[in-house]
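A.B. asks: Here you go, sequence then predicted model.
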Amino acid sequence: MKKVILSIGLYCSLLQGVRAQEYLTFNPKNLTTRSSDSSSNYQKRTIKFEEANIVSGYYFQNGNNSAITGGIGTERLTDFANSFELRFSKLDRYNRLHSFTADMNVDFYSSASSDKIDPLTISSASKKDTHIYPSLSWSVKDDVLRTTHGFSYSYSTEYDYKSHGFNAFITKLSKDKNREFSIKGGAFLDTYMAILPSELRPLTYPSGSEGDKRGIAYKPRNSYNASFSLSQVINQRLQVMAIIEPSYQEGLLSTPFHRVYFTNGNETVEKLPGTRFKLPVGLRLSYFAGDRTVIRAFYRAYVDDWGMTAHTTNLEVPFKITPFFSISPFYRFNSQTAVKYFKAYAQHQPSEVFYTSDYDISSFTSQFVGMGIRLAPPGGIAGLLNWSSLEVRYGYYSRSNGMYGHSISAHIKIK
């Protein structure tokens, strides 16, 4: 089910960091011509392999606030996620750099709480699932105009939903190469299978299992997002970036198999508004504190029209023990308020229009702490020259409501 995306993001996000922008020599004479005929500037324009990235991770969580059983019950989940990415590049006749990326991701997970959708069966259709989400992207870097633009397409499928994603972006670099402005936009068009809890299905409504899908409802759930960012090199040690990322969702935003219990003992399924507007605003900072240490900090404020507000801070401090071996301790803290439609098990009034007992959108604080280790010897890992680096990370996640999780991932880069 889509809920597993939370666990995927926990370890994949660890592999992302803010890198300081390179200082490049700028020559105004290069702007006067774009001719590709000069033999002195000729470069071979065949497709070139740049690198391959292989990421594999394992995540385990447990808790006692499953939305599938109305805000109580097991949240035990395991997820084994894998990603394989290939990057290629090619120069065109104007010496613009075209980059091509193909990414294949496959996750295998098991969810004890999902098995409670139909507790009378030995195993419901959603207890175990495979999540497949490939993507293709293309970008063009133009050093003369100091721009980069690109487009990507992604597809995602699980047992109960399918998604098509489209994204485009453009960035503009200043003349001194110290400032960059970026605009991104995207849309994710989802189709969701409306599987209902067994006891709440109409008499003729199918279960959604492999042999019982005929007549089941399929609902849209679409997301539209934008991103505006401005990065600035302050000096040789400090770079900052400001980000604003508004997004809008429409369609079936509630989850059909989430139960809700009222104060009078009646039971129904989760019901939420059909639209949601979100507005995160963030600030990133990278500071080079000497030859061995980089301080990477991030803060994000969040608000939406469902009544949730949140604040997230993240700190990571990569430290080089040797030029080829480094460690990266990290810590993230998040605090959020509940959406106005949330109440705990059996606390909703029958007269309410919208209701949910999903603790992912309740009020809580969470912490994520861990360590990364990175090896990048000049002769390659294990003497293999093309195996340029290996990074292993472990993180522990905990919420104030008792939920906890462990994640471990490995990132192999081949160049």
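C.D. replies: Good, I have the coordinates.

A.B. asks: where does Gly383 fall, phi/psi-wise?
C.D. replies: phi 80, psi 10 (degrees, to the nearest 10).

A.B. asks: Can you report how many residues lie near it?
C.D. replies: Using other Cβ atoms under 10 Å, Gly383 has 8 other residues around it. Heads up, the C-betas are built off the backbone N, CA and C, glycines and all.

A.B. asks: again, but for Lys413
C.D. replies: Lys413, neighbours per other Cβ under 10 Å, totals 19.

A.B. asks: Could you verify my assumption that it touches Glu50?
C.D. replies: No: using Cβ atoms under 8 Å, Lys413 is not in contact with Glu50, being 10.5 Å away.

A.B. asks: Contacts only, for Ser182.
C.D. replies: Going by Cβ atoms under 8 Å, 6 or more residues apart in numbering, Ser182 touches Phe169, Ile170, Thr171, Lys172, Ser227, Phe228, Ser229, Leu230, Ser231.

A.B. asks: so what's it scoring on pLDDT?
C.D. replies: As predicted, Ser182 sits at a pLDDT of 98.

A.B. asks: Please name the bridge partners of it.
C.D. replies: Thr171, Ser229 (DSSP bridges).

A.B. asks: do you know how far it is from Tyr302?
C.D. replies: According to Cβ to Cβ, to the nearest Å, Ser182 stands 20 Å off from Tyr302.

A.B. asks: Give me the next element, helix or strand, following the least confident helix or strand in the chain by mean pLDDT.
C.D. replies: Sorted by mean pLDDT, DSSP states H and E, the helices and strands of the chain end with helix 5-12, the least confident at a mean of 42. Later in the chain than helix 5-12, the nearest helix or strand by DSSP states H and E is strand 48-62.

A.B. asks: Tell me which other helices or strands whichever helix or strand comes after that following strand touches.
C.D. replies: Moving toward the C-terminus from strand 48-62, the next helix or strand (DSSP H and E) is strand 77-91. When contacts are defined as 3 or more Cβ pairs under 8 Å, 6 or more residues apart in numbering; DSSP states H and E, strand 77-91 sits against helix 5-12, strand 48-62, strand 97-111.

A.B. asks: Convert the C-alpha atoms of strand 77-91 to CSV, please.
C.D. replies: Extracted in CSV, the C-alpha atoms of strand 77-91 (Å, rounded to 0.1, in the frame of the first residue of the first chain):
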residue,chain,number,x,y,z
LEU,A,77,5.9,-3.3,8.8
THR,A,78,9.1,-4.5,7.0
ASP,A,79,10.3,-3.1,3.7
PHE,A,80,13.2,-4.2,1.5
ALA,A,81,13.8,-1.5,-1.1
ASN,A,82,16.2,-1.5,-4.1
SER,A,83,17.2,1.2,-6.7
PHE,A,84,19.4,0.9,-9.8
GLU,A,85,20.2,4.1,-11.6
LEU,A,86,22.2,4.6,-14.9
ARG,A,87,23.5,8.0,-16.1
PHE,A,88,24.7,8.9,-19.5
SER,A,89,25.8,12.1,-21.2
LYS,A,90,26.3,13.5,-24.7
LEU,A,91,27.6,16.8,-26.2
